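# below is the structure, and that's it, no one-letter string:
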């Protein structure tokens, strides 16, 4: 009995050791280059171009990251309360910080080519995401954005926080009905 | 003559010049300030106006509405025609996007502009009503109702000219806005240029005035220098003339005295009968007359000589430290006989411990004698003349000669120091004298740095006070 117990104990130790090693290296691998999980729900954003991590390939065979709503929300959300030229009142936007998203896909470029569902496109300097709390808004005043109200994703700058942001160029970069980002 | 011109010229008056200059500067500064303020305000207003206006927003929103409409229509028609790649989902998505545009037109900043134009408002209302009306039809079409799709397609085609008119109308507004802005800028520039021109003119005017003033100052300076030179020349000439006159008088007086002394000497010898008696008593009387007149003439000549010496600056002080009491005693002893002959009492009061006076002994005696002889001369029998000396609080010394004589009126007193003037002409005849006594006395006192004050009351007497400054007082015992 005693011996038997010992035998079980040894086996348990061995299993734990293997599990720890696997967990250790596995974690290391996932930190460095492990692919993003595949989206489970409807894809609402694709990020392509100069990115280090993705969960698929684009037409040219380069890495591409597709996100569904849950994946974006998992990155963590931030709130911006600001006035905009498109709404009569101050709005409370909620969404993913653009720089967090760029970090998530290990983006390396200096510019983002944002394309909307209506084929509107604008180029956004990556520096904007670093300097300002630019978000990909998914909710406005607590309501999930749909195509009819500039959703599903709406690039929002914290206009009210900085006078430099209240310019036509910044408004031009505020792409709504965002569909994809290409890192250049 | 430049001097007269300079004085007569009205621009040369410095107060007038300064006043005009000050006024000009005030006008200049006020104008520049006023213009700057107006311009700054104008620019500010324009800038506010401009920053509110966004051409891009205004026209872009309209054009995008039309684009979305066309995209929706294309997707719908493709789906109805079962074209490859067409999908029901695409139709719904395009409708959602188009629908989203409607909200933007109603809530965005461009909305205010649209609402301000009645035609655009009308078009927008129509577009809104029709497109929002498709909501149910799209849902029905997505559910399989092809008829609904066809109806939308028909309405969408009919909508095209409306949207065309809408974009044209907002483009017109935008163009007008741009035109307005351009015109405003043009006005702004015109105002700016005008302001610059005005300021330039003012600055030029200022510079011109400044130059003129500089030139005038230079000219005034030159004139002043010339004038100074002229004045200096005139002064030198006048002094020269005065000195020549004094020299002439001094020489003449001296020359006059020689024959006069001969006359007086011979007359005296004759009166004393040195070489035998004079025959007639009448001749003796005449001789008396000659001696009296001669002595009078001699004293006149002496006065003139003194005066001209003083005027010519020929008198030099031979200063010694004098005992004031002694000087007064000596002077009194010289006039004692005259006073006694007239029945005038002489008194003096000199306190002990008086400082010595640094002065020319002969001149001080002459000063005292002049004052004393005047006092005796104008004091009737039974009166008295008093000499007193005192130390002043500031350390100076005062000597006072007071008589109980006939005194003078204020009018007489005022003219007393003028050369050749007497109290009045009647008195001159009565008393005789050159009328130079007091003027000479005053000059002599002034040569010592002192002052003479004379006060008098008609028939109550006259007081003459000499005041010597502290620099002239030498405390007894002090080493000089």
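Thanks, I have it. Just so you know, these numbers come straight off a predicted model, no measurement behind them.

# now stretch B:377-391: buried residues?
Buried residues in stretch B:377-391, counted by 16 or more other Cβ atoms under 10 Å in any protein chain shown: B:377-379, B:383-389, B:391. C-betas here are computed from N, CA, C, even on glycine.

# do stretch A:137-157 as well
The neighbour-count check on stretch A:137-157 (16+ other Cβ under 10 Å) flags A:137-140, A:145, A:147-157 as buried.

# quick one: distance of it to the chain centre.
Between the centre of stretch A:137-157 and the centre of its chain there are 15 Å (Cα atoms, centre = their mean, to the nearest Å).

# that older thread, could you find the lowest-pLDDT member of the buried residues of stretch A:137-157?
Ranked by pLDDT, those bottom out at residue A:151 (79).

# in contact with the closest residue to it other than its chain neighbours, which residues?
Excluding its sequence neighbours, the residue lying closest to residue A:151 (Cβ to Cβ, 6 or more residues apart in numbering or on different chains) is residue A:145, at 2.7 Å. Counting by Cβ atoms under 8 Å, 6 or more residues apart in numbering or on different chains, residue A:145 touches A:137-139, A:151-154.

# now render the buried residues of stretch B:377-391 as CSV, adding secondary structure.
Listed next are the buried residues of stretch B:377-391 as CSV, based on DSSP: H, G, I helix; E, B strand; the rest coil:
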residue, secondary structure
B:377, helix
B:378, coil
B:379, coil
B:383, coil
B:384, strand
B:385, strand
B:386, strand
B:387, strand
B:388, strand
B:389, strand
B:391, strand
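
# tell me the contacts of the residue in chain A that chain B sits nearest to?
Of all residues in chain A, residue A:147 sits closest to chain B, at 3.5 Å by Cβ to the nearest Cβ. Residue A:147 makes contact with A:117, A:177, B:93, B:96-97, B:99-100, according to Cβ under 8 Å, 6+ apart.

# can you pick out the most distant pair from these?
Within the contacts of residue A:147, A:117 and B:99 form the most distant pair, 12.4 Å apart (Cβ to Cβ).

# how many other residues sit next to residue 168?
Since you didn't name a chain, this refers to chain A. Residues near residue A:168, counting by other Cβ atoms under 10 Å in any protein chain shown, number 13.

# actually it's chain B I care about, not the one you picked
Around residue B:168 there are 11 residues (other Cβ under 10 Å).

# next helix or strand past the strand or helix carrying it?
Assigned by DSSP states H and E, residue B:168 belongs to helix B:146-272. The first helix or strand that comes after helix B:146-272 along the chain, using DSSP H and E, is helix B:281-311.

# what sits against the residue most central in space within chain A?
Closest residue to the average C-alpha location of chain A: residue A:101 at 3.1 Å, with Cα atoms, centre = their mean. Going by Cβ under 8 Å, 6+ apart, residue A:101 touches A:47, A:72, A:75, A:136.

# hmm, which two among the residues you listed are most spread apart?
Greatest spatial distance in the contacts of residue A:101: A:47 and A:75, 11.8 Å, computed using Cβ to Cβ.

# residues contacting the residue of the stretch 251-400 of chain B found nearest chain A?
Going by Cβ to the nearest Cβ, chain A is nearest to residue B:394 of the stretch 251-400 of chain B, at 79.9 Å. Residues near residue B:394 by Cβ under 8 Å, 6+ apart: residue B:470.

# what's the helix or strand for it?
Per DSSP H and E, there is no helix or strand for residue B:394.

# still on that earlier bit, from the contact counts, what lies against the helix holding residue B:168?
Applying 3 or more Cβ pairs under 8 Å, 6 or more residues apart in numbering or on different chains; DSSP states H and E, one finds that helix B:146-272 contacts helix B:2-8, helix B:14-52, helix B:55-80, helix B:110-116, helix B:118-142, helix B:281-311.

# and residue B:320, which of those helices is closest to it?
With Cβ to Cβ, the closest approach to residue B:320 among these belongs to helix B:281-311: 20.0 Å.

# check which element follows the closest one along the chain.
The first helix or strand that comes after helix B:281-311 along the chain, using DSSP H and E, is strand B:319-322.

# could you list the low-confidence segments of the chain?
You didn't say which chain, so I picked chain A. A:1-34 (pLDDT under 70).

# can you look at chain B instead?
Across chain B, the ranges flagged by pLDDT under 70 are B:1-18, B:20, B:49-57, B:420-435, B:476-480.

# so who does the residue located most distally from the centre of it touch?
Relative to the C-alpha centroid of chain B, counting by Cα atoms, centre = their mean, residue B:144 is the outermost residue, at 102.3 Å. Applying Cβ under 8 Å, 6+ apart to residue B:144 gives no contacts.

# go with 10 Å
Residues counted as contacts of residue B:144 (Cβ atoms under 10 Å, 6 or more residues apart in numbering or on different chains) are residue B:88.

# before we move on, what about residue B:64?
Applying Cβ under 10 Å, 6+ apart, we find residue B:64 in contact with A:118, A:120, B:97-98, B:101, B:104-105, B:167.

# tell me which parts of chain B are close to chain A?
Selection of chain B residues close to chain A by Cβ under 10 Å from any Cβ of the partner chain yields B:51, B:54-57, B:60-61, B:64, B:67-68, B:71-72, B:92-104, B:106-112, B:135.

# narrow those to just the buried residues.
Buried members of these, counted by 16+ other Cβ under 10 Å: B:54, B:57, B:60-61, B:64, B:67-68, B:71-72, B:92-102, B:104, B:108-111.

# just the strands from chain A, written as ranges.
Per DSSP state E, chain A carries strands over the ranges A:43-49, A:56-57, A:63-68, A:77-82, A:91-97, A:111-116, A:121-125, A:135-140, A:143-144, A:154-156, A:178-183.

# now render those as JSON lines, adding distance to residue B:178.
Below are the strands of chain A laid out as JSON lines (distance: least, Cβ to Cβ, whole Å):
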{"stretch": "strand A:43-49", "distance to residue B:178": "37"}
{"stretch": "strand A:56-57", "distance to residue B:178": "47"}
{"stretch": "strand A:63-68", "distance to residue B:178": "42"}
{"stretch": "strand A:77-82", "distance to residue B:178": "29"}
{"stretch": "strand A:91-97", "distance to residue B:178": "30"}
{"stretch": "strand A:111-116", "distance to residue B:178": "27"}
{"stretch": "strand A:121-125", "distance to residue B:178": "23"}
{"stretch": "strand A:135-140", "distance to residue B:178": "33"}
{"stretch": "strand A:143-144", "distance to residue B:178": "38"}
{"stretch": "strand A:154-156", "distance to residue B:178": "28"}
{"stretch": "strand A:178-183", "distance to residue B:178": "31"}
